[in-house]
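Engineer: Got a predicted structure here, sequence first:
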Amino acid sequence: MIISASRRTDIPSYYSDWFFYRIQEGYVYVRNPMNPHRISEVSLSPDVVDGIVFWTKNPAPMLHRLDELRDYTYYFQFTLNPYGSDIEKNIPSKKEFVIPTFQKLSSMIGRERIVWRYDPVLLNEKYTMQYHIQYFELLCDKLSDYTKKCTISFIDLYKNIYRSISPLGIIPLSHDQIEELMGHFSEIAKEHRIYIDTCAEEVDLSKFGVEHASCIDAHRLERIGNDKLDVERDKNQRAACGCVSSIDIGAYNTCKNGCVYCYANFNQTLVHDCCGKHHVRYPLLYGEVSSNDIIKPREMKSCKISQMNLFGE
């Protein structure tokens, strides 16, 4: 089974100590977002975990402990965007901190284990088409020696982000704008030997050499871990999503990055409340198990395909 850590929150930035403690304990509890009194006990044993995919904007708190992942196959989805604190409120300086962190992480674990995300693309008076083109090229200059791939998406106007984005005049891209921008991006990426694809976008950009991404990517894990995996596509994701099945161990309303476009935080009051209930030694990301909760072990098994030798051993 593959572990996603996490689409719902930035575990490397804010909960790395908790994560490593869960690795030591060998399991984690995850509440069902649709039925909070249902808790899954998810094994983190290397015997059943075929890979871990980390999602982050700042993995710096993890860097000194990566050796503790030596028994696991893993890689990072690292989001590095062109926005300032008006859009991504609590992200450190891109120039002074985030870009050097990206480069350091890649130098430690290799280019195959770090996927750059330019995600999501949005427009307003400040962040124009030309701004994105210039900044994308700048980032390609900085990152081309440290990653092989960039995954791009475009902002989705979820109902729960209207309040946060409306004062900023943010608008989604039209189909024509997407094609124009990706035409420029594809040329820039090609010059820098970076492959680009799109995350869960239905638009067909194949004429630019841009295909649909698989962010939870079995093939990448196979290359890193040198094992064949038999894992199905994730049926719970959108039709244009190429991800394979995984278990997410995060929780909504726990990310402190403060990004105005984020669908995983419903409001900052709730985020503050949930974060206040985090304890590094609790099996849940936040809060404790109550008498009304039902805990069930998640059925898990390795998806590795056994390789028999010629003698059938």
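Structural biologist: Cool, got the structure.
Engineer: pLDDT below threshold where in this structure?
Structural biologist: For the chain, the stretches flagged by pLDDT under 70 are 307-313.
Engineer: show me where it has strands.
Structural biologist: For the chain, applying DSSP state E gives strands covering 2-5, 27-32, 35-43, 51-56, 74-79, 114-121, 149-154, 195-198, 211-212, 247-248, 294-297.
Engineer: Let me know which of those is the nearest to S166.
Structural biologist: Among the strands of the chain, the nearest to S166 by Cβ to Cβ is strand 114-121 (16.4 Å). The C-beta positions use only the backbone N, C-alpha and C, and glycine is treated the same way.
Engineer: Given that closest one, what are its sheet partners and their directions?
Structural biologist: Neighbouring strands of strand 114-121 in its sheet, by DSSP bridges, are strand 74-79 (parallel), strand 149-154 (parallel).
Engineer: So which residues make contact with it?
Structural biologist: For strand 114-121, contacts defined as Cβ atoms under 8 Å, 6 or more residues apart in numbering pick out 75-82, 102, 105-106, 132, 136, 139, 143, 146-147, 149-156, 173, 181, 194, 199, 215, 220, 261.
Engineer: from the residues you listed, which would you call buried?
Structural biologist: Among these, those buried by neighbour count (16 or more other Cβ atoms under 10 Å) are 75-82, 102, 105-106, 132, 136, 139, 143, 146-147, 149-155, 173, 181, 194, 199, 215, 220, 261.
Engineer: Distance to E88 for the strands of the chain - can I get that in a markdown table?
Structural biologist: Below are the strands of the chain laid out as a markdown table (distance: least, Cβ to Cβ, whole Å):
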| stretch | distance to E88 |
| --- | --- |
| strand 2-5 | 20 |
| strand 27-32 | 26 |
| strand 35-43 | 28 |
| strand 51-56 | 13 |
| strand 74-79 | 9 |
| strand 114-121 | 11 |
| strand 149-154 | 15 |
| strand 195-198 | 20 |
| strand 211-212 | 25 |
| strand 247-248 | 22 |
| strand 294-297 | 36 |
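Engineer: To T254, which of the ones you listed lies closest?
Structural biologist: Taking Cβ to Cβ, strand 27-32 is the member of the strands of the chain nearest to T254, at 11.1 Å.
Engineer: Could you pull out the buried residues of that closest one?
Structural biologist: By neighbour count with 16+ other Cβ under 10 Å, strand 27-32 contains the buried residues V28, Y29, V30, R31.
Engineer: Tell me which two in these are the farthest apart.
Structural biologist: Among these, V28 and R31 lie farthest apart (Cβ to Cβ), at 10.9 Å.
Engineer: hang on, the earlier thing: closest one to L168 among the strands of the chain?
Structural biologist: Short answer: strand 114-121, nearest of the strands of the chain by Cβ to Cβ, at 13.6 Å.
Engineer: Just want the angle from that closest one to strand 51-56.
Structural biologist: 50 degrees (axes from the mean of the first three to the mean of the last three Cα atoms, to 10 degrees).
Engineer: Thank you kindly, that will do.
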